[in-house]
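Asker: Would you be able to build a 3D model of this:
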Amino acid sequence: MSMIESQCKRCRRAGEKLFLKGERCNSPKCALVKRNFPPGAHGDKGYKKLTNYGEQLKEKQKARNIYGLREKQFRVYFEKSFKKKGNTGEMFFKMLESRLDNTIFRLGLASSRPKARQLVSHGHFQVNDRKVDIPSFLVKIGDKITIKTASQTKPAFKDLAQALVSHKEKMVSWLNLDEKLMEGKVTGQPKSGEVEANVDWRAIVEFYSK
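Answerer: Residues are numbered from 1 along each chain as shown. Modelled structure (predicted):
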């Protein structure tokens, strides 16, 4: 699937919400609410039953689209996870969740992962008081994520303080957010049960292990 394909089409192809557009996905404007069938000329015939390989491919595509990665990038993370000791699927998931762009999204400092990736690339964030403009930077326990002082008055962060109040209820357990200072801290390890969409990581491991 091309990474320039409509984000809404990716959700429709997966047959479930991947929450690629932030709060829009929870509104009546969500494409799956309006058109709950696959995209394409024959999509209105519904979702076909998939083979075992098809299910594995679907899970891989689903996870890849959630984190907004190209196939080559996604596979590199798998290969790194495969070389580590422990459960490969769990290691794979934790590595993806620990990306700086995902962490910023999880903290509520950006409304979506694509937006977080853009803000990181533009140099608006710091990790442990040092500017980091690489979205794939992996955070670790104890890291502090802040918005650069000079960036806090930028339009991108204009209504952030108000948004963080409501986001606190959605905060994942491995992160801590100080709404007043608008800064976050990594306090634990990511947990697969806290991903918005249900992803079968074992199926993805099986897909790449063939």
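
Asker: Tell me how far the residue most central in space within the chain lies from Arg130.
Answerer: For the chain, the residue nearest the mean C-alpha position is Tyr67 (4.0 Å; CA atoms, centre = their mean). Tyr67 sits 24 Å away from Arg130, taking CB to CB, to the nearest Å as the criterion. Glycine gets a C-beta too; all of them are placed from N, C-alpha and C.

Asker: Could you do Lys83 as well?
Answerer: Taken as CB to CB, the span from Lys83 to Arg130 is 28 Å.

Asker: More neighbours: those two, which one.
Answerer: Lys83 (9 against 6; other CB atoms under 10 Å).

Asker: Phi, psi for the more buried one please.
Answerer: phi -80, psi -10 (degrees, to the nearest 10).

Asker: Can you show me the helices along this protein?
Answerer: With DSSP state H as the criterion, the chain has helices at 7-14, 31-34, 52-67, 71-82, 88-97, 100-107, 113-121, 160-167, 201-208.

Asker: Lys148 is nearest to which of those?
Answerer: Lys148 lies closest to helix 113-121 among the helices of the chain, at 10.3 Å (CB to CB).

Asker: residue contacts, the nearest residue to Pro190 once chain neighbours are set aside?
Answerer: Computed as CB to CB, 6 or more residues apart in numbering, the closest residue to Pro190 that is not its neighbour in sequence is Glu97, at 3.6 Å. By CB atoms under 8 Å, 6 or more residues apart in numbering, the residues touching Glu97 are Thr103, Arg106, Pro190, Val195.

Asker: Return the closest of those residues with respect to Leu160.
Answerer: Checking the contacts of Glu97 one by one against Leu160 (CB to CB), the nearest turns out to be Arg106, at 14.6 Å.

Asker: is it true that the closest one touches Asn176?
Answerer: No. The criterion here is CB atoms under 8 Å, and Arg106 misses it with Asn176 at 11.1 Å.

Asker: Neighbour count for the two, which is higher?
Answerer: Between Arg106 and Asn176, counted using other CB under 10 Å, Arg106 has the larger neighbour count: 24 against 15.

Asker: Can you give me the pLDDT of the more buried one?
Answerer: Listed pLDDT for Arg106 reads 95.

Asker: so how far is Val172 from it?
Answerer: Applying CB to CB to Arg106 and Val172 gives a distance of 5 Å.

Asker: For Ala156, which residues are in contact?
Answerer: The contact partners of Ala156, by CB under 8 Å, 6+ apart, come to Lys115, Leu119, His124.

Asker: Please apply the same query to Pro190.
Answerer: Phe93, Lys94, Glu97, Ser98, Val172, Trp174.

Asker: repeat that for 10 Å
Answerer: 90, 93-98, 102-103, 106, 172-175 (CB atoms under 10 Å, 6 or more residues apart in numbering).

Asker: Could you write out the alpha-carbon coordinates of stretch 72-81 in PDB?
Answerer: Taking C-alpha atoms only, stretch 72-81 is exported to PDB below (Å, rounded to 0.1, in the frame of the first residue of the first chain):
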ATOM      1  CA  LYS A  72      11.700  -1.000   4.700                       C
ATOM      2  CA  GLN A  73      11.600   0.900   8.000                       C
ATOM      3  CA  PHE A  74       9.100  -1.400   9.500                       C
ATOM      4  CA  ARG A  75      11.100  -4.500   8.600                       C
ATOM      5  CA  VAL A  76      14.300  -3.000  10.100                       C
ATOM      6  CA  TYR A  77      12.500  -2.700  13.400                       C
ATOM      7  CA  PHE A  78      11.400  -6.400  13.200                       C
ATOM      8  CA  GLU A  79      15.000  -7.500  12.400                       C
ATOM      9  CA  LYS A  80      16.400  -5.600  15.300                       C
ATOM     10  CA  SER A  81      13.700  -7.100  17.600                       C
END
